[in-house]
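Asker: sequence and predicted model, in that order:
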Amino acid sequence: MPLLPDTARQVDTLVAAAQSAGRTPSLVIGVVRDGVLAQLATAGEHPRPAADLQYRIGSISKTMTATLVMQQRDAGRLALDDPLEAHLPGTAVGGLTLRHLLGHASGIQREPDGQWWERSAGVDLAALLTGVTAEKIAYPPQRWYHYSNLAYGLLGGVLERITGRPWAELLRERVLEPLGMRRTTYHPTEPFAHGYVVHPWHETLREEPRTDTGAMAPAGQLWSTVEDLARWAAFLADPAPEVLAAETLTEMCAPVVISDLDSWTGGHGLGLELYREGERVYVGHGGSMPGYVAALAVHRPSRTAVVGFANSYGFRTGSIGALGQRILTTVLDAEPAPARPWRPADATPPAEVAELTGIWWWMGSAMELTWDGASGELVAGQRGGRTHRLVPEGPDRWRGRSGNETGEVLSVLRDQAGHPVALDIATFVFTRTPDQEP
């Protein structure tokens with residue numbers, strides 16, 4: 001469904017202003033809702049942007065590399081707490097774990113040895129590893145957030161060693177083809193936007209090289225379009241199970257490290273950046289390569305996202321990441337996701353479940369227990385407040401699967417007649433009346 005006319009005008013205005021003030025040859029932003037590209041906003045004529053025009057996505061490539069790593073984890077071929085040594089033996093940083101590398105919490109320096117990799121011809125994995133010395137560790141892992149391109153070059157090497165397949169081939173087969181991302185490629189394919197540096201004083205353009213980054217490709221090599229990146233954003237909001245399990249993607253969105261200790265507005269999960277905007281949290285990633293910048297921000301609860309590209313190495317004022325997040329907030333404020341309609345249950349719960357529903361008390365606090373017939377789960381919480389869900393695990397035994405009781409066991413306590421008289425949740429005993437002692 002397209003955006004409402006007033007919302008679309010606001011998005012168009014923001015994009016036009018950003019292209020003008022930022023002095024970028026072309027700028028394109030796509031708004032995604034419920035898996036569909038709902039709005040395309042463009043500005044600039046060099047070249048004229050289009051939904052199928054390729055730009056370089058830079059570090060957004062890391063989100064796809066991380067997805068490949070999680071696929072291998074789910075298949076049992078690695079564990080996130082495996083040391084690097086287990087898969088790339090012989091490096092001087094082999095004690096770092098895959099989790100550290102994915103979450104930019106390894107303490108490893110940002111770049112590989114040699115010339116600036118983004119603007120130079122790439123080397124193979126063996127040559128990359130020769131420069132990975134003990135001096136590459138800036139400080140102990142998990143102490144601070146420190147963004148590292150090198151970490152993702154190493155993760156690409158892990159994938160290659162585990163699967164025996166080149167990263168690009170694995171990506172195409174396991175991610176791009178299943179999601180229909182046919183215009184996301186290792187090298188640019190026409191039509192594509194040429195990338196530039198804009199001279200700060202006389203505003204001329206210098207075209208940048210389009211490099212093959214070799215073993216560093218998993219950190220930032222890819223090219224894509226608004227249409228394809230919209231598919232990727234839709235996947236991050238609601239993953240296709242043939243590519244990645246929903247619970248695995250949710251795991252990727254949990255913070256490994258907070259990148260902004262002063263105000264907690266940013267962090268990093270397993271391959272995904274986390275941005276806090278008021279009471280909302282967006283997941284995604286920024287991207288840059290010489291001549292290009294890119295943005296990806298997804299609000300998972302509403303299945304709304306913004307993707308975007310520009311063919312200049314940064315904006316004169318502002319940034320494409322900030323623009324994308326501002327547009328996403330604008331859309332969500334103007335057009336919040338509609339409430340799902342309530343529908344009556346198809347059937348009553350089993351008798352042994354029905355007698356558990358209702359109000360239970362602990363220390364003067366009420367907990368309401370309801371039945372979700374569609375999922376077969378109990379839902380517990382205060383009316384209008386946060387809830388947690390429990391799944392059956394055996395007679396009179398339920399296990400929390402979401403909320404603050406995740407993993408905890410609810411046991412039903414019955415009297416001699418078999419009637420439920422109390423619920424024991426991790427030693428907290430709830431009774432039917434507030435004046436009963438727990």
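Answerer: Cool, got the structure.

Asker: now do the helix or strand hosting Thr330: which elements does it pack against?
Answerer: Following DSSP states H and E, one finds Thr330 within helix 320-334. Judged by 3 or more CB pairs under 8 Å, 6 or more residues apart in numbering; DSSP states H and E, helix 320-334 is in contact with helix 5-22, strand 26-33, strand 273-277, strand 280-289, strand 292-299, strand 304-310. Where C-beta positions appear, they are placed from N, C-alpha and C, glycine not excepted.

Asker: just these: most buried one?
Answerer: strand 304-310 (a mean of 29; mean count of other CB atoms under 10 Å).

Asker: ok now that strand, how far from the chain's centre?
Answerer: How far strand 304-310 lies from its chain's middle: 14 Å, per CA atoms, centre = their mean, to the nearest Å.

Asker: could you tell me which residues within stretch 111-118 count as buried?
Answerer: In terms of neighbour count (16 or more other CB atoms under 10 Å), stretch 111-118 has its buried residues at 111-113, 117-118.

Asker: so what would you say the end-to-end distance of it is?
Answerer: 10 Å (CA to CA, to the nearest Å).

Asker: contacts for that stretch?
Answerer: With CB atoms under 8 Å, 6 or more residues apart in numbering as the contact definition, stretch 111-118 has outside contacts at 120, 123, 128, 131-132, 149-150, 153, 211, 213, 216, 220, 289-290.

Asker: rewinding a little: relative to Leu323, which of the buried residues of stretch 111-118 is nearest.
Answerer: Ranked by distance to Leu323 (CB to CB), the buried residues of stretch 111-118 are led by Glu118 at 21.9 Å.

Asker: so how far is Leu88 from the closest one?
Answerer: Glu118 sits at a distance of 22 Å from Leu88 (criterion: CB to CB, to the nearest Å).

Asker: hmm, back to that, from the contacts of stretch 111-118, list the buried ones, please.
Answerer: Counted by 16+ other CB under 10 Å, those give 123, 128, 132, 149-150, 153, 211, 213, 216, 220, 289-290 as buried.

Asker: of all pairs in those residues, which one is the farthest apart?
Answerer: The distance between the two most remote of the buried ones among the contacts of stretch 111-118 (CB to CB) is 23.7 Å, for Val132 and Pro290.

Asker: now do stretch 208-224, average pLDDT.
Answerer: Stretch 208-224 carries an average pLDDT of 96.

Asker: pull it out as CSV, backbone CA atoms only.
Answerer: Taking Å, rounded to 0.1, in the frame of the first residue of the first chain, the C-alpha atoms of stretch 208-224 are listed here in CSV:
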residue,chain,number,x,y,z
GLU,A,208,36.3,6.7,-7.7
PRO,A,209,37.6,3.2,-8.7
ARG,A,210,35.3,0.3,-8.5
THR,A,211,37.5,-2.2,-6.7
ASP,A,212,37.4,-6.0,-6.2
THR,A,213,38.3,-6.2,-2.5
GLY,A,214,39.2,-9.9,-2.5
ALA,A,215,39.3,-11.5,1.0
MET,A,216,37.7,-8.3,2.4
ALA,A,217,34.6,-8.6,0.2
PRO,A,218,32.5,-9.9,3.1
ALA,A,219,32.9,-6.5,4.8
GLY,A,220,31.7,-4.3,1.9
GLN,A,221,31.9,-5.5,-1.7
LEU,A,222,28.3,-5.7,-2.8
TRP,A,223,26.2,-3.7,-5.3
SER,A,224,22.4,-3.5,-5.1
